Structure formats: C-alpha cells, structure tokens
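A.B. asks: following is a predicted model, sequence given first.
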Amino acid sequence: MEKKVIEEVIIRKKNQGIKKEKLSERVNNELLKKKRRYETNHQYLSAQKLVKNYREKQKSHTAYKYRLKTSNKVLNLKYDKTKEHLPIIIIRICGQWQRIPKEIQLILAKFHLKELNNAIILFYNEENFKMVKLIESYVTWGYINKYLIEDLLRKRGSVTLGNNEPNELDNIDIENSLGKLGIVCIEDIIFELTKETKNAKDVLNYLGYFKLEKNDDGFEKANVSFEKGGAQGFRGDKINELLKKMI
C-alpha cells in the first residue's frame, strides 16, 4: 500500500514537472514573438534609407500640391457626369507608408487604405472624384459591376463587431444592424450598392473595407498610370479584370 502511494506521488510530481516545462515553453515562445514584433516595428533605419524616405516623401508632397492646385481644372476636363452615382472600387497597390506625405496619409486612412491590397467601394461623384485624384499615385480604381459586387461581398465581405475581429457577413447581423432601413440580407446590400441610394452611406459605413489577395501578376510600373501602360490610376470597367484575380 505504502509503495503504491509513493509511486503515485512520484508520477504526480513528474506530471507537474512536465506541465511546468510546457508552460515555460509557451511563455518563452510568447516572449520571443513579442520581441520579434518589437524588432520589426523598431528596426534600425540607415542614414541612406532615411534620406531616401525623405526624398520620396518630398517628391510625393510636390505632386500632391500640384494636383490640389489643378483639381478644379481636372474636374472640369475629366469628370464624367453620365457616370454619377455608379459604384466604384479603389484598390491600394503601392507606396511605403513612411514615404507618403501626411496629407495623403489622411485621405488613405479615411478610405481605410493604409495597407496594400485593401479596397473600398464608393460612389462616383465630384467629391469622391477629387479625393481619388489626389491619391491616384498609390491606388487604382474604376467602375465595379454588379456581379463583382456580389462576388466581393460573399467571398471578402466582413464587418468588425464588438470583439474588434473581422466577422463574415451574416444575414442575422445585417438585419440587426440595418433592419430599420429595410435591409435584412446580403441581396439587399447588393441592391443598395448597384446604384447610389438614400441608404448607401449607411451600408458603406457598415461594410468598411475589403482585404484582397495579393495580385499574382504583381503591379509592374506601379508609378506609371494605367493609360500609359502602368498600374496606377483610372481603369474604367477594366478594374473588374484585376478584381477577379484578387478576390
């Protein structure tokens, strides 16, 4: 009997030791992860990189001031009134955040485009057109069709709820959040986004932004406009070809 008790005590202590080792290993792994995150966020910047960042920021700032100065002229020349109220999608395709002027950072942040491959649906109007033209060096945009709206919502649509984690679109949550507007399912949201309606602003605020897949073909000549064979700027209906690859 006494021998059995001793064996049980030994086994219990051994198990406790194993648990402590596992706990210690988990703690060390967490500390290592935190250390790596810290090093990534506070990595050493060489003088050469700082100078390059500064020059790129100054260059972008000069371009921003020129676009701001000529925005009314661009609006009169290139704004298409026949497309008013149609849905457009804007996709962030290039630019290192630390090299972007603060004025442009504010617009990108407003449109939830702080990260590459983020996308947002808006509607074509004078105000949005002016804003998009100011950030055109970092995005590509165009008119999104109904079929891609549906595909985007079903595959990439998510909302941030109380837990601050992105959650897939759910008809129950849609009804709880937008039911007072008569919007109770994904099909209703698709209808609201096909052409600007009185509820469109509430729907866009509810959806936020979309996180797309990286474009496998890459974005060659990201600093050249699409009409000149590059990637940035206005694509018209051809934005849908790119979007298919990124959903």
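C.D. replies: Cool, got the structure. Predicted model, so just to flag it, every value in this text is computed and none were measured.

A.B. asks: what's residue 234 sitting at in phi/psi?
C.D. replies: Dihedral pair for residue 234: phi -80, psi 130, per degrees, to the nearest 10.

A.B. asks: residues touching residue 83, list them.
C.D. replies: When contacts are counted by Cβ atoms under 8 Å, 6 or more residues apart in numbering, residue 83 touches 124, 143. Just so you know, the C-beta spots here come from the backbone N, C-alpha and C atoms, and that holds for glycine as well.

A.B. asks: where in the protein is pLDDT low?
C.D. replies: For the chain, applying pLDDT under 70 flags the ranges 1-31, 33-76, 159-167, 216-218.

A.B. asks: now the helices for it?
C.D. replies: For the chain, the helices defined by DSSP state H occupy 2-41, 47-69, 71-78, 102-110, 126-134, 146-156, 171-178, 186-194, 200-207, 239-246.

A.B. asks: in stretch 177-189, what counts as buried?
C.D. replies: If you call a residue buried by 16 or more other Cβ atoms under 10 Å, then stretch 177-189 has these buried ones: 177-178, 183, 185-186, 188-189.

A.B. asks: repeat that for stretch 239-247.
C.D. replies: Neighbour counts using 16+ other Cβ under 10 Å place 239-240, 242-243, 246 of stretch 239-247 among the buried residues.

A.B. asks: verify the stated contact: residue 224 with residue 231.
C.D. replies: Yes: with contact defined as Cβ atoms under 8 Å, residue 224 reaches residue 231; the gap is 7.1 Å.

A.B. asks: neighbour count: these two, which is higher?
C.D. replies: residue 231 (22 against 13; other Cβ atoms under 10 Å).

A.B. asks: thank you kindly, that will do.
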